[in-house]
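Asks: sharing a sequence plus its predicted fold:
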Amino acid sequence: MDSSLHLYYGGTFDPVHNGHLAIACSARDELRCTVRLMPAADPPHRAPPGADAGQRVHMLELAVAGEPGLVVDPRELQREGRSYSIDTLRQLRAELGPEAPVALLIGADSYLGLPTWHQWRDLFGLAHFVVAPRPGSAVGGQAGEAGPAPELAAVSAGRWSASAAELERLPAGRLFLLDPPLRPESASEVRGRIAAGRPWKSLVPPAVAAYIVSHGLYAGLAPGRSPL
Ligand code: ATP
């Protein structure tokens, strides 16, 4: 953990699964920095579809316990309303100053979806993006899969960094592709399997599985349907 990079990993984590943890660990190891897992707030004005924010944080705490270099940062739960990354990054900039290197860790599906994020072009002025490959989401549009939309490809051009060290030299604006083994897990798969009564416990850490069972989470959801 000797890098000066401030790395944040946002998500719903409903629930946190082994794919999230594997990616956080490989980012920690490749970038040599602490990874701060940041659960998003519950959507305003309606009941949370799966676990509520307090339960999601609890599961994250269980998942990172004993895992060096992974910590939970609940800052988005302390703000009113929807969790927009642009607001979180502005808050972090105010805390860390204009020169500190800051990065967001995201999966390849999130990277491809960036143009749907609130004020997405401005995000590059505030942080780097560290992208984890994900099955079915081709960052470069390889293997016959759809790649980034033209506006994302245009904004990304010239930003890809070949070395992790480059992320430390600039405060924001670079893209870095991690190279971990692909992880098939998804939170919707975990929820779907629980609701359908199919095996699911191998997809999450044992302490998280025990918490889900003891709180009866996700069992009442309609099988085969993503509640989000
Ligand atoms: P859902 O299935 O409900 O969409 P999810 O598994 O994608 O959930 P999120 O909490 O939405 O979980 O994900 C947080 C971040 O982690 C996102 O940027 C997502 O792309 C990334 N991520 C989640 N699972 C994986 C995985 N298996 N491989 C790579 N990235 C992942």
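Replies: Looks like it arrived, so ask away. Predicted model, so just to flag it, every value in this text is computed and none were measured.

Asks: drop to CA atoms for contacts and neighbour counts, all remaining ones
Replies: Will do.

Asks: and the helices in the protein, which stretches?
Replies: Using DSSP state H, the helices of the chain run over residues 18-31, 53-64, 85-96, 108-112, 120-123, 150-156, 165-169, 187-196, 206-215.

Asks: CSV please, covering these and showing mean pLDDT and mean neighbour count.
Replies: Putting those into CSV (pLDDT from 0 to 100; neighbours: other CA atoms under 10 Å) gives the following:
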stretch, mean pLDDT, mean neighbour count
helix 18-31, 97, 20
helix 53-64, 97, 20
helix 85-96, 96, 15
helix 108-112, 96, 20
helix 120-123, 97, 16
helix 150-156, 96, 12
helix 165-169, 95, 17
helix 187-196, 95, 20
helix 206-215, 97, 15
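
Asks: export those helices to JSON lines and tack on distance to His6?
Replies: Output for the helices of the chain, formatted as JSON lines (distance: least, CA to CA, whole Å):
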{"stretch": "helix 18-31", "distance to His6": "10"}
{"stretch": "helix 53-64", "distance to His6": "18"}
{"stretch": "helix 85-96", "distance to His6": "9"}
{"stretch": "helix 108-112", "distance to His6": "19"}
{"stretch": "helix 120-123", "distance to His6": "15"}
{"stretch": "helix 150-156", "distance to His6": "21"}
{"stretch": "helix 165-169", "distance to His6": "9"}
{"stretch": "helix 187-196", "distance to His6": "25"}
{"stretch": "helix 206-215", "distance to His6": "26"}
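
Asks: closest to Arg79 out of these?
Replies: helix 85-96 (9.3 Å; CA to CA).

Asks: so which bits of this structure are right by the ligand?
Replies: Neighbours of the ligand within the chain, by CA under 6 Å from any ligand atom: 10-13, 19-20, 106-110, 132-134, 183-188.

Asks: excluding chain neighbours, give the residue nearest to Leu217 in space.
Replies: Residue nearest to Leu217 in three dimensions, not counting chain neighbours: Ala51, with 6.5 Å by CA to CA, 6 or more residues apart in numbering.

Asks: so the one you found is in contact with Tyr218, correct?
Replies: Yes - with contacts defined as CA atoms under 8 Å, Ala51 counts as touching Tyr218 at a distance of 7.3 Å.

Asks: that concludes my questions; thank you for your assistance.
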